[in-house]
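Colleague: Using only what follows, build the 3D model:
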Amino acid sequence: MLGWTEYTKLFAGLLAIVNPLGIVPIFLSLTEDHSVARRRRVALVSSAAVAIILIACLVLGNGILQVFGITIDSFRVAGGLLLMIVAISMLYAAPSPIKTTGAEQTEAVEKEDVAIVPLAIPLMAGPGAISTVIVFAQQSTSLYHYLLMSAVTIGVAVVTVVTLMSAPAIGSLLGKTGMNIVTRVMGLILAAIAVEFIATGMLSLFPGLG
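Modeller: Next up, the predicted model:
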């Protein structure tokens with residue numbers, strides 16, 4: 001049975017990957033012409049979509065790996081490398097190309113409803129978050145583990161919706177520099193988690209390294 005420390009680590013890791021503070025400038029840009037009520041609706045729908053997407057990956061992740069014949073250790077290394085790329089982008093306070101490209105962001109501005117695409121996916125519930133959930137889900141097969149992981153995912157979604165609903169105030173309070181500092185700190189945490197993913201996977205794939 002996993003300890004609370006592991007679930008705390010999962011919460012911190014997912015929060016770093018979803019990075020609601022880093023999404024604030026994009027969220028404000030995409031909802032610039034929205035009323036307060038509509039902006040809050042976008043925040044609520046996108047955050048709920050993040051929870052639904054990640055819980056779906058939690059439930060279906062093992063089946064997906066089996067269909068493609070991928071071992072969890074191989075997926076752990078791949079997921080760790082993916083997280084490292086995202087973390088390096090965050091350390092530079094730059095949007096990760098894994099999450100979205102400049103062209104996709106430009107196209108998103110023209111969309112009438114941006115809650116699901118691009119906000120929920122790929123900006124928040126992108127490849128990094130999905131791979132993290134799938135890897136962590138493999139650590140236990142108990143219902144208790146799945147329920148706690150679901151609770152962690154919902155917790156991240158709650159933090160996200162509160163952050164997005166407070167986006168105008170946060171943007172004014174922290175400014176660009178403040179948000180960049182927070183993004184870099186979260187990037188450092190994410191890099192450490194990525195290293196742990198890669199190291200654990202490599203030791204299992206190549207026992208001689210130990």
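
Colleague: next structured bit after the lowest-mean-pLDDT helix or strand in the chain?
Modeller: For the chain, scoring each helix and strand by mean pLDDT, DSSP states H and E identifies helix 102-109 as the least confident one, at a mean of 54. Remark: after helix 102-109, the chain's next helix or strand is helix 127-137, criterion DSSP states H and E.

Colleague: Quick one: list the elements packing against that next one.
Modeller: On a contact count with 3 or more C-beta pairs under 8 Å, 6 or more residues apart in numbering; DSSP states H and E, helix 127-137 meets helix 4-18, helix 36-67, helix 72-91, helix 143-165, helix 167-205. All C-beta atoms are positioned from the backbone trio N, CA, C, and that covers glycine.

Colleague: Low-confidence bits of the protein, can you list those?
Modeller: Judged by pLDDT under 70, the chain has its weakly predicted residues at 1, 96-112, 210.

Colleague: Tell me the buried residues in stretch 18-34?
Modeller: In terms of neighbour count (16 or more other C-beta atoms under 10 Å), stretch 18-34 has its buried residues at 18-24, 26-28, 30-31.

Colleague: What of stretch 198-210?
Modeller: Residues 198, 200-202, 204 are the ones in stretch 198-210 that count as buried (16+ other C-beta under 10 Å).

Colleague: now swap in stretch 171-183 and tell me
Modeller: Counting neighbours by 16+ other C-beta under 10 Å, the buried set in stretch 171-183 is 171, 179-180, 182-183.

Colleague: out of those, who's nearest residue 90?
Modeller: Sorting these by how near they are to residue 90, with C-beta to C-beta, puts residue 183 at the top with 5.2 Å.

Colleague: Skip the chain neighbours and tell me the closest residue to that closest one.
Modeller: Excluding the flanking residues, the one nearest residue 183 by C-beta to C-beta, 6 or more residues apart in numbering is residue 22, at 4.7 Å.

Colleague: and that neighbour, what is it in contact with?
Modeller: With contacts defined as C-beta atoms under 8 Å, 6 or more residues apart in numbering, the neighbours of residue 22 are 90, 179, 182-183, 186.

Colleague: my guess is residue 19 meets residue 183, correct?
Modeller: Yes: in terms of C-beta atoms under 8 Å, residue 19 counts as a neighbour of residue 183; the distance is 6.6 Å.

Colleague: any common contacting residues for the two?
Modeller: Jointly contacting residue 19 and residue 183 under the rule C-beta under 8 Å, 6+ apart are residue 90.

Colleague: Quick check: chain neighbours aside, which residue is closest to residue 95?
Modeller: Setting aside the residues directly before and after it, residue 95 is nearest to residue 89 in space (C-beta to C-beta, 6+ apart), at 6.7 Å.

Colleague: roughly how far apart are that neighbour and residue 4?
Modeller: Taking C-beta to C-beta, to the nearest Å as the measure, residue 89 and residue 4 are separated by 30 Å.

Colleague: more crowded one of those two?
Modeller: For the pair residue 89 and residue 4, the greater number of neighbours falls to residue 89 (19 against 8), based on other C-beta atoms under 10 Å.

Colleague: returning to what we had before: filter the buried residues of stretch 18-34 down to the ones in helices?
Modeller: When these are checked against helices (DSSP state H), the matches are 18, 20-24, 26-28, 30.
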